[in-house]
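>>> Okay, predicted coordinates and the sequence, questions at the end:
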Amino acid sequence: MLKLPRTVVCLALAFGASAPVAAQTPDPLVDPYRDISTRIIEAALADSAAWNRLAALTDGFGNRLSGSEALERAIDWIVEEMRHDGLDNPHTEPVKVPHWVRGQESAELVSPRKVALPMLGLGGSIATPKQGITAEVLIVDSFDDLKARVAEAKGKIVLFDVPFTDYGATVAYRSRGAVEAARVGAVASLIRSVTPNSIRSPHTGAMNYDSTVSRIPAAALTVEDAMMLHRMQQRGERVVMKLVMQAQTLPDADSRNVMAEVTGREHPEEVVVLGGHIDSWDVGTGAMDDAGGVVAAWEAVRLIKQLGLTPRRTIRAVGWTNEENGLRGGRAYRESRTPEQVAGHILAIESDGGVFRPIGFGAGASDSAVAILQRVITLLQPIGADSLSRPGGGADIGPLMERGVPGLGLNTVGDRYFWYHHSQGDMADKLDPVDVARCVAAMAVMAYVVAELPEPLPKGVPQARE
């Protein structure tokens, strides 16, 4: 195991925050946990165990799309490693998941010149006819632009060349592009990959169909090629492409959520759950999205166990399956538990934004729960992860939050996250071992202290916020 030099650990503690750490105001709620939080942070930063485990998982099993053999072998490995770690109750729970298979695919520019174009079919897309689709391309820059040019769209491949602004706005073209293109008579839908930065690498992701319109194939081109085709059109050139896709959706497959815990000493039935999703898209190795989140949660629980800490309540690490194209794992986790067991969850924490340098958490909780969490998070000032914002949470803990369980989503300096998101570039080298260790520390401190508080966090669905 690679040991981080003591100077690195000290620098990580000293310069983790973006501003100098202010003197602490006495707080009887969290003061009893300051020394143990320091121990947790120092232990997390003492070596690169978390990054090494992340690399072993992603290098060893590769990408892990729902329904794939790689995903199931990775889950087998995780549960066995959890046993070796000495964690309590390592096991899996069954989940039926969608099984979409990419198959062979290609895109070729036919006119004004012939050249193969890098592409990735969008998850859930149908196939083209066996011979492919060869058609003129209509390039538009928005849904409104498509509506304005509806007379030109019939029988064409529509390409949405939409620059990245933020994920929520731009991903709408990945999600709805095929529906809107089919509505105007297009034969296929293409998008400019949803990313602010590119070296001619396409990005995939889930898309949707609508029962009111025909289903047409959908794929992503690179940023560079989408812009090139747009320039050709603007020069008055006729753009023609051939698209071949063999994608298919098979019957639902068997998968599993994977988990282990440290059992609470007084209230084992009350649970702090933390985790990420173990599935990924079928490109890269899913290191950022989201093996890092699974490993950070797993390592946080392992660290608590290693330090000989037995919290008042149970702390459970979970790798949820099928977040990427179905969210079945998060729903199955809740639905496999009785209402009383769900109510026993006092906090749910998720990491699904890349385990880059942590800056704090986003909270989806009642005002009274947030008031307590704002005090607890001050314990993370030494690593600069003491910011609590609203709203927050995550996709896999969403079903628990719907039942009033307070939720936290780990916030990181993820300015490079969408550079590699859902692409071949999502591999372990994009993550720094010290940043991964900080994420472990942040999740471990929040989970342990909340699990150890004299009273559980107040429940309640969070109020809507501006």
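Structure's in. What do you need?
>>> contacts, neighbours, all on C-alpha from now
Fine.
>>> I'd say residue 461 and residue 401 touch.
Yes. Counting by C-alpha atoms under 8 Å, residue 401 is a contact partner of residue 461 at 7.1 Å.
>>> between those two, what contacts are shared?
Taking C-alpha atoms under 8 Å, 6 or more residues apart in numbering as the criterion, residue 461 and residue 401 both touch residue 364.
>>> more neighbours, the two?
With neighbours defined as other C-alpha atoms under 10 Å, residue 461 and residue 401 compare such that residue 401 has more, 25 against 16.
>>> ok, for that one, nearest residue in space, not its chain neighbours?
residue 407 (6.1 Å; C-alpha to C-alpha, 6 or more residues apart in numbering).
>>> neighbours of residue 306, just the number please.
14.
>>> okay, it: pLDDT?
With respect to pLDDT, residue 306 scores 98.
>>> what's the spacing between it and residue 39?
Note on residue 306: its distance to residue 39, by C-alpha to C-alpha, to the nearest Å, is 12 Å.
>>> just residue 100 next, same as before
From residue 100 to residue 39 the distance is 45 Å (C-alpha to C-alpha).
>>> Look at these two and report which has more neighbours.
Neighbours per residue (other C-alpha under 10 Å) separate residue 100 from residue 39, with residue 100 holding more: 22 against 15.
>>> before we move on, which element is that one in?
strand 88-101 (DSSP states H and E).
>>> Show me what counts as buried in that strand.
88, 90-92, 95-101 (16 or more other C-alpha atoms under 10 Å).
>>> Pull up the pairing partners for it, direction included.
With DSSP bridges as the test, strand 88-101 is paired with strand 248-262 (antiparallel).
>>> dump the residue contacts of residue 419.
Contacts of residue 419 by C-alpha under 8 Å, 6+ apart are 195-198.
>>> picking that back up, pLDDT wise, what is the residue nearest to residue 401 at?
At residue 407, pLDDT is 98.
>>> I'd say it and residue 395 touch.
No. Contact between residue 407 and residue 395 fails when scored by C-alpha under 8 Å: they sit 10.5 Å apart.
>>> any residues in contact with both of those two?
By C-alpha under 8 Å, 6+ apart, no residue touches both residue 407 and residue 395.
>>> From residue 67, how far off is the residue lying closest to residue 104 once chain neighbours are set aside?
Distances taken as C-alpha to C-alpha, 6+ apart place residue 246 nearest to residue 104, at 5.5 Å, with adjacent residues excluded. As judged by C-alpha to C-alpha, residue 246 and residue 67 stand 17 Å apart.
>>> Check residue 209 too.
The gap separating residue 209 from residue 67 is 21 Å, by C-alpha to C-alpha.
>>> neighbour-wise, which of those two wins?
residue 67 (22 against 19).
>>> Just give the number of residues close to residue 172.
For residue 172, using other C-alpha under 10 Å, the count is 13.
>>> So what touches the stretch of helix or strand it belongs to?
Taking DSSP H and E as the criterion, residue 172 maps to helix 167-183. For helix 167-183, the surrounding residues in contact (C-alpha under 8 Å, 6+ apart) are 122, 143, 146, 153, 158, 160, 162-164, 187-191, 194, 205-210, 213-218.
>>> Among those, which lie within helices?
143, 146, 153 (DSSP state H).
>>> How confident was the prediction at the residue nearest to the last one when sequence neighbours are not counted?
Taking C-alpha to C-alpha, 6+ apart, and ignoring the residues beside it in sequence, residue 153 has residue 186 as its nearest neighbour in space, at 5.7 Å. Model confidence at residue 186, given as pLDDT, is 98.
>>> Provide a list of residues in contact with residue 186.
With C-alpha under 8 Å, 6+ apart, residue 186 has these contacts: 153-158, 216.
>>> One more pass at 6 Å, please.
153-157 (C-alpha atoms under 6 Å, 6 or more residues apart in numbering).
>>> circling back to that earlier point, tell me how far the strand holding residue 100 lies from the chain's centre.
Relative to the centre of its chain, strand 88-101 is centred 17 Å away, using C-alpha atoms, centre = their mean, to the nearest Å.
>>> what helices or strands is the very next helix or strand once past that strand leaning on?
Per DSSP H and E, the first helix or strand lying C-terminal to strand 88-101 is strand 105-111. With contacts taken as 3 or more C-alpha pairs under 6 Å, 6 or more residues apart in numbering; DSSP states H and E, strand 105-111 sits against strand 115-117, strand 240-245.
>>> residues making contact with the first one?
Contacts with strand 115-117, where a contact means C-alpha under 6 Å, 6+ apart, come from 107-109.
>>> Direction included, what does that strand pair against?
strand 105-111 (antiparallel).
>>> Tell me which other helices or strands the lengthiest helix in the chain touches.
Ranked by residue count under DSSP H, the longest helix found in the chain is helix 433-452. Judged by 3+ C-alpha pairs under 6 Å, 6+ apart, helix 433-452 is in contact with helix 34-44, helix 292-306.
>>> how does it look with 7 Å?
Packing partners of helix 433-452 (3 or more C-alpha pairs under 7 Å, 6 or more residues apart in numbering; DSSP states H and E): helix 34-44, helix 49-61, helix 292-306, strand 313-320.
>>> now that helix: mean pLDDT?
Average pLDDT, helix 433-452: 98.
>>> Measure how far it is from the centre of its chain, please.
18 Å.
>>> about what we covered before: TSV for the contacts of strand 115-117, including pLDDT and neighbour count?
Below are those laid out as TSV (pLDDT from 0 to 100; neighbours: other C-alpha atoms under 10 Å):
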residue	pLDDT	neighbour count
107	98	23
108	98	18
109	98	20
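>>> phi, psi of residue 408?
Backbone geometry at residue 408, expressed as degrees, to the nearest 10, gives phi -130, psi 140.
>>> how deep is it tucked in, by neighbour count?
31.
>>> Do I have it right that it meets residue 390?
No. Counting by C-alpha atoms under 7 Å, residue 408 does not reach residue 390; the two are 9.4 Å apart.
>>> shared neighbours, these two?
Shared contacts of residue 408 and residue 390 (C-alpha atoms under 7 Å, 6 or more residues apart in numbering): 362-364.
>>> Next step: those residues restricted to helices.
Per DSSP H, those never map to helices.
>>> list the contacts for residue 424?
Counted by C-alpha under 7 Å, 6+ apart, residue 424 has contacts 283-284.
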